[in-house]
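Peer 1: my questions concern the predicted model and sequence given below.
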Amino acid sequence: MSTPPSLLVDDLAFAYPDGHQALFGVDLRLEQGERVALLGPNGAGKTTLVLHLNGILRGGRGRVTVGGLPVEDRNLAEIRRRVGIVFQDPDDQLFMPTVGEDVAFGPRNLGLSEPEVARRVADALAAVDMADAADRPPHHLSFGQRRRVAVATVLSMRPEVLVLDEPSSNLDPAGRRELAEVLEPLPVTLLMVTHDLPYALQLCPRSVVLDGGVVVADGPTRELLGDPALLAAHRLELPFGFDPHAVP
Amino acid sequence: MGAGHAHGGLAAAYVAGNSPVHRLEPHTKLVAVLAFALVVVLTPVHAGWAPLAYAGFLALLLGVAAVARVRLGRLLRGLAVEVPFVLFALLLPFVSRGPRIDVLGVSLSQSGLAAGGSILAKATLSVLAATLLAATTDPRALLRGLERLRLPSVLVQILTFMIRYADVIGGELRRMKVARESRGFRGRHLGALKVLGPAAGSLFIRSYERGERVHLAMLSRGYTGRLPTGPVAVVGGRAWATALSLPLAAAAVLAAGSLLG
């Protein structure tokens, strides 16, 4: 038997209670270990899609499975362990008084023993190069450090899929590079929502363009970014002077 | 737990240190301070020996402060929260009934003088004890102490988020202020309220929305209604005895006063 895909979204449609329909039948399949950028203009439905991946939003048409496990009420705890979402504002993600307690929040909710929690916290903080920050309160960290710690807070749950919402936003160039260095070696399936097209090209061999609540393009990142007509049609723009074919 | 968080926001009251008072488990200190305040409040107002008892209590507190190496100036700054009580206490000698005495030509009520003085003394002593607690206990440890004393989990969570987000919301407040003033706003007259009112409203809405986003992030990591806590240290009889020595000594002062006075 082959391994099930890490993430399978099948004909997902969703309308908010106020009647606004955000998704109109999204299909998406991520194999284990794949790295995919989710591109699209503001209002395309990216955040709505992301919130379906761990069952925060449900109740529309279609279905989502994570590593073969359907997103349903009775599976929610396991689904939220398997899918780690890093939200855009680290101040939303880091709500505990210290970095260590925050990284321990997920593992403790899983009911792990304290020695195991301590091990996971140490591993996760080491993975994002913040090993000595465990006792510090989040507001004493730089923005880039907070973003990396936010990644650690879901890594400590050993997720199968890591979902990042705008990971490079508000980072200075060094912070942006440091985050990329942290993300590159992680042994997870990665879905990265971003407007930062060079970052998508650097980290994700494959990209998916979402617009108007449907997937409008899905292919190798370099090809999609090399298609000016596609980019223009969906309000995507490369930075001035950036040539996707000139990048190694 | 370095000295790094001794500045800014709600943590400002804490003075990092490693004295025996600092090292006591927070929940034992909370119980001790509460018990001490109870003893102070129980002191009879009109007893002749009451001032002596107050002096005794003060000596005990100063003793603890010396052990904790908390400076006198730090303790006095803590008294600022007491100002409304002071105003009330100062008013009493003027408005109370009963026999009156003349002080510098002003007629004052004797019982009002005693009651006012006693309110002042009791409030000051209780606030000093609370200041000592705040100065020797990290706010986060204080929360863990409250949790161990079975304060309802929801209240502990609210206080936890207050400590975490006071600086974040304070930052938003500062940025809004800078943005206002950058466009020529000066909040020095009554008309400024027309601007500041909506600003407070928008800060409230922003904070509310942040609350919703934080809740999403918590749910995404398996939140089920309780903040999980780490391991708790077992507290033996000796630690309790050390912590409770303050209220017990205060009770002894009180007992001596009632028996001898």
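Peer 2: Right, received. Where do you want to start?
Peer 1: got the residues of the stretch 101-250 of chain B near chain A?
Peer 2: B:139-140, B:143, B:160-161, B:163-165, B:167-168, B:210, B:213-214, B:216-224, B:227-231 (CB under 8 Å from any CB of the partner chain). All C-beta atoms are positioned from the backbone trio N, CA, C, and that covers glycine.
Peer 1: over to residue A:62: give its phi and psi.
Peer 2: The phi and psi values for residue A:62, taken as degrees, to the nearest 10, are phi 90, psi -180.
Peer 1: make that residue B:153, sorry
Peer 2: Per-residue torsions, residue B:153: phi -60, psi -40 (degrees, to the nearest 10).
Peer 1: what helix or strand is residue 32 located in?
Peer 2: The chain I'm using is chain A. Assessed by DSSP states H and E, residue A:32 sits outside every helix and strand.
Peer 1: you answered for a different chain; I wanted chain B.
Peer 2: For residue B:32, the element it lies in under DSSP H and E is helix B:26-42.
Peer 1: is that helix positioned near chain A?
Peer 2: No. Judged by CB under 8 Å from any CB, helix B:26-42 makes no contact with chain A; its nearest approach is 13.3 Å.
Peer 1: pLDDT averaged over that helix, what's the number?
Peer 2: With pLDDT averaged residue by residue, helix B:26-42 scores 95.
Peer 1: flag every buried residue along the helix or strand hosting residue B:89.
Peer 2: Using DSSP H and E, residue B:89 sits in helix B:83-95. For helix B:83-95, burial by neighbour count (16 or more other CB atoms under 10 Å in any protein chain shown) applies to B:85, B:89, B:92-93.
Peer 1: what does chain A have sitting close to chain B?
Peer 2: A:51, A:54, A:56, A:77, A:80-81, A:83-85, A:87, A:89, A:91-98, A:101, A:104-106, A:108-110, A:114, A:117, A:135-140, A:153-154, A:157.
Peer 1: poorly predicted segments of chain A, please.
Peer 2: A:1 (pLDDT under 70).
Peer 1: how near is residue A:74 to chain B?
Peer 2: According to CB to the nearest CB, to the nearest Å, residue A:74 stands 14 Å off from chain B.
Peer 1: oops, could you answer that again for residue A:58 instead?
Peer 2: For residue A:58, the distance to chain B (CB to the nearest CB) stands at 12 Å.
Peer 1: so what's the residue count around that residue?
Peer 2: The tally of other residues near residue A:58 (other CB atoms under 10 Å in any protein chain shown) stands at 14.
Peer 1: how about it, secondary structure?
Peer 2: What DSSP: H, G, I helix; E, B strand; the rest coil gives for residue A:58 is coil.
Peer 1: I'd say it and residue A:52 touch.
Peer 2: Yes. Counting by CB atoms under 8 Å, residue A:58 does reach residue A:52; the two are 7.1 Å apart.
Peer 1: shared neighbours of those two, which are they?
Peer 2: Common neighbours of residue A:58 and residue A:52, using CB atoms under 8 Å, 6 or more residues apart in numbering or on different chains, are residue A:71.
Peer 1: residues near the residue nearest to residue A:4 when sequence neighbours are not counted, how many?
Peer 2: The shortest distance from residue A:4 to any non-neighbouring residue, by CB to CB, 6 or more residues apart in numbering or on different chains, is to residue A:68 (3.4 Å). Residue A:68 has 10 neighbouring residues, counting by other CB under 10 Å.
Peer 1: got it, and residue B:221?
Peer 2: Around residue B:221 there are 24 other residues, counting by other CB under 10 Å.
Peer 1: for chain A, what spans make up the helices?
Peer 2: Remark: helices assigned in chain A by DSSP state H are A:46-53, A:76-82, A:90-93, A:99-109, A:114-127, A:143-155, A:173-183, A:197-203, A:221-225, A:228-233.
Peer 1: and if you look at the stretch 1-150 of chain B?
Peer 2: Ranges of helices in the stretch 1-150 of chain B, per DSSP state H, counting those that start in this stretch, are B:20-23, B:26-42, B:50-68, B:72-78, B:83-95, B:110-136, B:139-148.
Peer 1: state the distance from the residue nearest the centre of chain A to residue A:38.
Peer 2: Per CA atoms, centre = their mean, the C-alpha nearest to the average position across chain A is that of residue A:163, at 1.6 Å. Distance, residue A:163 to residue A:38, using CB to CB, to the nearest Å: 9 Å.
Peer 1: list the contacts of residue B:219.
Peer 2: Residue B:219 makes contacts with A:56, A:80, as judged by CB under 8 Å, 6+ apart.
Peer 1: what's the burial count for the closest residue to residue B:254 other than its chain neighbours?
Peer 2: In this structure, residue B:254 finds its nearest non-sequential neighbour in residue B:39, 5.6 Å apart by CB to CB, 6+ apart. Per other CB under 10 Å, the neighbour tally for residue B:39 reads 21.
Peer 1: for residue B:176, give me its contacts.
Peer 2: Contacts of residue B:176 by CB under 8 Å, 6+ apart are B:199, B:202-203.
Peer 1: ok, and what's touching the helix holding residue B:32?
Peer 2: Helix B:26-42 is touched from outside by B:21, B:54, B:57, B:122, B:125-126, B:129-130, B:132-133, B:136-137, B:141-142, B:144-146, B:148-149, B:235, B:239-240, B:242-244, B:246-247, B:250-251, B:254, with contacts defined as CB under 8 Å, 6+ apart.
Peer 1: please apply the same query to stretch A:192-207.
Peer 2: The list of residues contacting stretch A:192-207 from outside it, by CB under 8 Å, 6+ apart, reads A:34-39, A:46-47, A:50, A:163-169, A:176, A:180, A:183-184, A:190, A:217-222, A:224-225, A:236-239, A:242, A:244, A:247.
Peer 1: not counting its neighbours along the chain, what's nearest residue 102?
Peer 2: In the absence of a named chain, this looks at chain A. residue A:96 (3.9 Å).
Peer 1: meant chain B, my bad for not saying
Peer 2: With sequence-adjacent residues excluded and distances taken as CB to CB, 6+ apart, residue B:102 is closest to residue B:108, at 7.5 Å.
Peer 1: how about residue A:97?
Peer 2: residue B:140 (4.3 Å).
Peer 1: is it true that that neighbour touches residue B:163?
Peer 2: Yes. With contacts counted by CB under 8 Å, residue B:140 reaches residue B:163, the gap being 6.7 Å.
Peer 1: list residues touching both of these two?
Peer 2: Residues touching both residue B:140 and residue B:163 by CB under 8 Å, 6+ apart: residue A:97.
Peer 1: of those two, give the one with the bigger neighbour count.
Peer 2: In this view residue B:140 and residue B:163 are compared by other CB under 10 Å, and residue B:140 has more residues nearby, 22 against 17.
Peer 1: contacts only, for the residue nearest the centre of chain B.
Peer 2: Per CA atoms, centre = their mean, the C-alpha nearest to the average position across chain B is that of residue B:130, at 5.0 Å. Listed by CB under 8 Å, 6+ apart, the contact partners of residue B:130 are B:33, B:37, B:78.
Peer 1: chain A versus that one, what's the distance?
Peer 2: For residue B:130, the distance to chain A (CB to the nearest CB) stands at 21 Å.
Peer 1: pLDDT below threshold where in the stretch 151-261 of chain B?
Peer 2: Along the stretch 151-261 of chain B, no part satisfies pLDDT under 70.
Peer 1: going along the chain, name the helices of it.
Peer 2: Ranges of helices in the stretch 151-261 of chain B, per DSSP H, counting those that start in this stretch, are B:153-182, B:193-220, B:237-260.
Peer 1: out of the ones you listed, flag the one nearest residue A:18.
Peer 2: The closest of these to residue A:18 is helix B:193-220. By CB to CB, the value is 15.1 Å.
Peer 1: can you pull the buried residues of that closest one?
Peer 2: The neighbour-count check on helix B:193-220 (16+ other CB under 10 Å) flags B:199, B:210, B:213-214, B:216-220 as buried.
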